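Colleague: Pasting the sequence and the predicted coordinates here, then a few questions.
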Amino acid sequence: MDEITKVVIGAAMKIHSAIGPGVLESVYRKCLQHELQKSGLHVRTEVKLPVPYDSLVLESGYRLDLLVENEVVIELKCVEALLPIHKAQLLTYLRLAK
């Protein structure tokens, strides 16, 4: 997993250096998908994440921005600062994805 995260961080830095801040998350997502696939990694985008509750499975509309090698979840944020709710969102995604 360390090697995957090194590639992800390097690709994210390359993209940010090339196109800078203020771009939509969808643009960063597509660029990151492209860079990671060029590196030979398997990448899925907007992976549906259902929410199980009791005997129901709710298709809630939660989606992982990117899932790399079925191990690394990437949740993109185009914000000035990360807030506690952003961390809570990612932790919820990880819990739901097991």
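Modeller: Cool, got the structure.
Colleague: Name the next helix or strand following the longest helix anywhere in the chain along the chain.
Modeller: Looking across the chain with DSSP state H, the single longest helix is helix 2-19. Per DSSP states H and E, the first helix or strand lying C-terminal to helix 2-19 is helix 25-38.
Colleague: For the most centrally placed residue in the chain, what are phi and psi?
Modeller: Per Cα atoms, centre = their mean, the C-alpha nearest to the average position across the chain is that of residue 74, at 2.2 Å. Dihedral angles of residue 74 (phi, psi; degrees, to the nearest 10) stand at phi -120, psi 120.
Colleague: who's in contact with it?
Modeller: 8, 32, 64-68 (Cβ atoms under 8 Å, 6 or more residues apart in numbering). Bear in mind the C-beta positions are built from the backbone N, C-alpha and C, glycine included.
Colleague: This completes my enquiry, with thanks.
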